[in-house]
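> Sequence first, then the predicted structure, then my questions.
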Amino acid sequence: MINSTQVSYFTLSSYFDTGGFKYLYFLLILSLYVIIVCANVLLIVVICVNRSLHEPMYLFLVSLFVNELYGSTGLFPFLLVQILSDIHTVSAPFCFLQIYCLYSYATLQFHNLTTMSYDRYLAICYPLQYHTRMTSTKVAVLIALTWLLSFVGVGVTVSLSSSLQLCGNIINTVYCDNYAIVKLACSDTRVNNIYGLSYTSLVVFIPLLLILYTYMRILEVCFSGSKQTRQKAVSTCTPHLASLINVSFGFFFQIVQSRFDMSSVPMMLRNLLSLYILTCQPLFNPLMYGLQMSKIRSLCKRLIFGKT
């Protein structure tokens, strides 16, 4: 057995020789990263500098956009270095650090979407009591708990994985993945599996049930309410619902990629599927919210073009 502390590096075997195309891939990934950073920073600045947007819904959006920057920074610089490198290795400490960043990013996605659905539920189902139920203190507590619970939960996951005894150091992905490392273990992984299953249920299934409940109540109010209520629900819930569907697809692709034998699938397609949630979501969210929410859209135009 090789103890995990004796594994000084991991080899990422999903990279393949792209020849002269690696510079093209580098430019494409770099351009995508720049677009993601600019889009998310723009919306964060627009919300922060305009007092009219200092409402719970937009503050939750800031938390979402900051998380997109956090997750993208945990992935894209690493990808850029690996694309130009001829030896696709990563040190063990950095690998576990990247796992921590990417897993906490994914956890925060669901937590943020859950708090946002709760906010919309209060705004649509209890419009007259909204400001007394969703106070500034409550918003701050919800955002703080969202980040704290994600960091603590993923911290336990990484600490359990880093203490495993490993019998290899080859990971069949383009970035460090916790489940891929657990599969390398030649020691007992029951604690890792039990905690992983329990934590996944808390992170994914319980939030999905809460979101499902809030949307059932919102639909109930919409069908029995006025046309103005329905229009408000559609305008504010459409971006959230689209983001939820997109992130669910990303998690589905990731589960399929890690749990099932994908050797018959071309490596390029496997890599794209594994990167879906980490690349499409940070680009999708700012575009969706920026285009769908008229208040943000008009303020973005004013900031960029100087229009009144």
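Perfect, thanks for sending it.
> can you count the residues close to the closest residue in space to residue 176 that isn't next to it in sequence?
Of all residues not flanking residue 176 in the chain, residue 95 sits nearest, at 4.0 Å (C-beta to C-beta, 6 or more residues apart in numbering). (Each C-beta comes from the backbone N, C-alpha and C, glycine too.) Look at residue 95: counted by other C-beta atoms under 10 Å, it has 27 neighbours.
> got the phi/psi numbers for residue 95?
In terms of degrees, to the nearest 10, the main-chain angles of residue 95 are phi -60, psi -50.
> Same check on residue 166?
phi -110, psi 150.
> Surely it touches residue 186?
Yes: with contact defined as C-beta atoms under 8 Å, residue 166 and residue 186 form a contacting pair (6.8 Å).
> Just want to know which of the two has more residues nearby.
Neighbour count, other C-beta under 10 Å: between residue 166 and residue 186, residue 166 has more, with 22 against 12.
> Spit out the contact partners of the residue nearest to residue 176.
For residue 95, the contacting residues are 9-10, 171, 176, 181, by C-beta atoms under 8 Å, 6 or more residues apart in numbering.
> Name the nearest of those relative to residue 118.
Closest approach to residue 118 among the contacts of residue 95 (C-beta to C-beta): residue 176, at 32.6 Å.
> and residue 231, how many residues sit next to it?
11.
> typed the wrong thing, it's residue 256
Look at residue 256: counted by other C-beta under 10 Å, it has 14 neighbours.
> Equivalent analysis for residue 221, please.
The local packing of residue 221 (other C-beta under 10 Å) involves 17 other residues.
> If we go by neighbour counts, what in the one helix or strand it maps to is buried?
Assessed by DSSP states H and E, residue 221 sits inside helix 206-224. With burial defined by 16 or more other C-beta atoms under 10 Å, the residues of helix 206-224 counted as buried are 207-208, 210-211, 214-215, 218, 221-222.
> distance of the residue most central in space within the chain from residue 74?
Centroid-nearest residue in the chain: residue 106, 3.8 Å away (criterion: C-alpha atoms, centre = their mean). In this view, residue 106 and residue 74 are 10 Å apart by C-beta to C-beta, to the nearest Å.
> circling back to that earlier point, if we only consider the contacts of residue 95, which is nearest to residue 52?
Nearest to residue 52, judged by C-beta to C-beta, of the contacts of residue 95 is residue 176 at 42.0 Å.
> isn't the closest one right up against residue 10?
Yes: judged on C-beta under 8 Å, residue 176 makes contact with residue 10 at a distance of 6.7 Å.
> Give me the common contacts of the two.
Counting by C-beta under 8 Å, 6+ apart, the common neighbours of residue 176 and residue 10 are 90, 95.
> ok, so of the contacts of residue 95, who is nearest residue 126?
Nearest to residue 126 among the contacts of residue 95, with distances taken as C-beta to C-beta, is residue 176, at 43.8 Å.
> Got the phi and psi for the closest one?
Dihedral angles (degrees, to the nearest 10) for residue 176: phi -70, psi 130.
> Please list all residues in contact with it.
For residue 176, the contact set (C-beta under 8 Å, 6+ apart) comprises 10, 12, 90, 94-96, 98-99, 102.
> What's the local residue count around the residue lying closest to residue 9 once chain neighbours are set aside?
Excluding the flanking residues, the one nearest residue 9 by C-beta to C-beta, 6+ apart is residue 89, at 4.8 Å. Residue 89: 13 surrounding residues under other C-beta under 10 Å.
> about what we covered before: please tell me how far the host helix or strand of the residue nearest to the centre of the chain is from the chain's geometric centre.
Using DSSP H and E, residue 106 sits in helix 92-125. Distance, stretch centre to chain centre, for helix 92-125: 6 Å (C-alpha atoms, centre = their mean, to the nearest Å).
> ditto for stretch 56-75
Its chain's average C-alpha position is 9 Å from that of stretch 56-75, according to C-alpha atoms, centre = their mean.
> Low-confidence regions, the protein specifically.
1-6, 17-19, 225, 258, 261-263, 291-297, 299-308 (pLDDT under 70).
> tell me the SS of residue 131?
helix (DSSP: H, G, I helix; E, B strand; the rest coil).
> count of neighbours near it?
Residue 131 has 13 neighbouring residues, counting by other C-beta under 10 Å.
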